[in-house]
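# here is my input; please provide its structure:
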Amino acid sequence: MTAELFRIVSHYAAFERAVSRHMSLICKQFCSICREVCCGLEYCRETTVSPFLKSLISGARPAKAFCPEQGWLTSAGCALTVGRPPVCYQFSCNKIVNALPDEHCRYHFQVLSELVPYIGKRALGSRHLVEITDLRRLQQVKFERFDKRLRQAWNALNAIRCLNGADHPVAPKLADLSRIIPMPGSLI
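Numbering: from 1, shown residues only. Below you'll find the model as predicted:
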């Protein structure tokens, strides 16, 4: 692995952990009692073909090995702390979304769900980091290109943290969110 790719993997992992912790605060109360498993083996399999996800997972040392029948799913949820396919973050359970108190919170959750996928977008041409299956091509990804999206995503995550504790929307913070997903007209 090149030094540049190592930097990308390290920064991606730190950001993914931060997003995962915040999502867990919102989702855990629902997911811990849910009997309908939203995870699918087809999503877990992506981790076996993506060199980028493999790099993340090998650095994290999950408690459970990949299982051909169940993927990364355990009785307590996903065994992965980093290296989850972006779709794992993008899925928004209706039970969770409908329980959010207002449209602002639903928008914040929608942005939060897109942050991990966002940082890997257009890493090499139009390809997402996890879609680059050739290690030589993956090593061509430039940190500067990745870092710009990462900084925007950190700004949005920090804005969500700030806004979730605020009584009213703060315009500069909302601008950070709208870089990830345009704000619905009903919130403007």
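# quick check: phi and psi at the residue positioned nearest the centre of the chain.
Nearest to the mean C-alpha position of the chain, by CA atoms, centre = their mean, lies residue 116 at 2.8 Å. The phi/psi pair for residue 116 (degrees, to the nearest 10) reads phi -60, psi -50.
# check contacts around it.
Applying CB atoms under 8 Å, 6 or more residues apart in numbering to residue 116 gives the contacts 15, 16, 19, 84, 86, 89, 153. From N, CA and C alone the C-beta is placed, and that goes for glycine too.
# can you say which helix or strand has the residue nearest to it when sequence neighbours are not counted in it?
Distance criterion CB to CB, 6 or more residues apart in numbering; nearest residue to residue 116, sequence neighbours excluded, is residue 89 at 4.5 Å. Assessed by DSSP states H and E, residue 89 sits inside helix 86-90.
# this protein: helices as residue ranges?
For the chain, the helices defined by DSSP state H cover 3-31, 41-49, 51-60, 86-90, 94-99, 103-120, 135-138, 143-163, 171-178.
# run the chain-centre distance for the fifth one.
Averaged C-alpha coordinates place helix 94-99 at 19 Å from its chain's average position (CA atoms, centre = their mean, to the nearest Å).
# before we move on, what about the third one?
Relative to the mean C-alpha coordinate of its chain, helix 51-60 is positioned 15 Å out (CA atoms, centre = their mean).
# give the other helices and strands that it contacts.
Under the contact criterion of 3 or more CB pairs under 8 Å, 6 or more residues apart in numbering; DSSP states H and E, helix 51-60 touches helix 3-31, helix 41-49, helix 135-138.
# and the angle from it to helix 41-49?
Angle, helix 51-60 to helix 41-49, by axes from the mean of the first three to the mean of the last three CA atoms, to 10 degrees: 80 degrees.
# which regions of this structure lie under the pLDDT threshold?
164-172 (pLDDT under 70).
# among the helices of the chain, which comes closest to residue 69?
For residue 69, the closest of those is helix 41-49, at 7.4 Å, according to CB to CB.
# mind listing what's buried along that closest one?
Neighbour counts over helix 41-49 (16 or more other CB atoms under 10 Å) mark 43, 44, 46, 47 as buried.
# next: stretch 115-132.
115-120, 123-124, 127-132.
# repeat for stretch 78-98
Residues of stretch 78-98 classed as buried by neighbour count (16+ other CB under 10 Å): 78-86, 88-89, 92, 96.
# for it, output the C-alpha coordinates as CSV.
The C-alpha trace of stretch 78-98 is given here as CSV (Å, rounded to 0.1, in the frame of the first residue of the first chain):
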residue,chain,number,x,y,z
CYS,A,78,-22.7,-5.8,12.4
ALA,A,79,-19.2,-7.0,13.4
LEU,A,80,-17.6,-4.2,11.4
THR,A,81,-16.6,-1.0,13.1
VAL,A,82,-15.1,0.3,9.8
GLY,A,83,-15.2,-1.0,6.3
ARG,A,84,-18.9,-1.2,5.9
PRO,A,85,-20.2,-0.8,2.3
PRO,A,86,-21.6,2.7,1.8
VAL,A,87,-25.1,1.3,1.3
CYS,A,88,-25.1,0.3,5.0
TYR,A,89,-25.1,4.0,5.9
GLN,A,90,-27.5,5.0,3.2
PHE,A,91,-30.3,2.7,4.3
SER,A,92,-32.9,4.6,6.3
CYS,A,93,-35.4,2.5,8.2
ASN,A,94,-38.9,3.9,8.1
LYS,A,95,-39.4,3.2,11.8
ILE,A,96,-36.4,5.4,12.6
VAL,A,97,-37.1,8.2,10.1
ASN,A,98,-40.8,8.4,11.2
